[in-house]
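# sequence? don't have it. structure:
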């Protein structure tokens, strides 16, 4: 069995599982969000926090850009 066939079969089985057992989908999404959350926490440590001042400055620039058109 080739890799393409294996991947196709895996996706097919996954889709059938989701249709038969909707709870499988909840488990998959829960795992996905768990890993997303853990990666976001790592990113927060690396990058500085986005402040409200930055947002207001961005809004001012956006307004200025809008007036220039």
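That came in fine, so what should we check first? Quantities reported herein were computed from a predicted structural model and do not represent experimental measurements. Numbers count the residues shown, from 1 in each chain.
# before we move on, what SS does residue 31 have?
Classification of residue 31 using DSSP: H, G, I helix; E, B strand; the rest coil returns helix.
# Other residues contacting the helix or strand hosting residue 11?
Using DSSP states H and E, residue 11 sits in helix 3-20. With contact meaning C-beta atoms under 8 Å, 6 or more residues apart in numbering, helix 3-20 is reached by 1, 24, 25, 28. From N, CA and C alone the C-beta is placed, and that goes for glycine too.
# Residue 12 versus the last one, what's the distance?
Think residue 28. According to C-beta to C-beta, to the nearest Å, residue 28 stands 15 Å off from residue 12.
# So the two - more neighbours on which side?
Set side by side, residue 28 and residue 12 show more neighbours around residue 28, with 13 against 10, by other C-beta atoms under 10 Å.
# I'd like to know how far the more buried one sits from residue 14.
With C-beta to C-beta as the criterion, residue 28 and residue 14 are 8 Å apart.
# lowest average confidence, helix or strand, in this structure?
Lowest mean confidence among the helices and strands of the chain (mean pLDDT, DSSP states H and E): helix 52-68, at a mean of 61.
# hmm, back to that, tell me which entries of the contacts of helix 3-20 lie within helices.
Counting by DSSP state H, the contacts of helix 3-20 place 24, 25, 28 in helices.
# what's around residue 4, how many residues?
Counted with other C-beta under 10 Å, the neighbours of residue 4 add up to 8.
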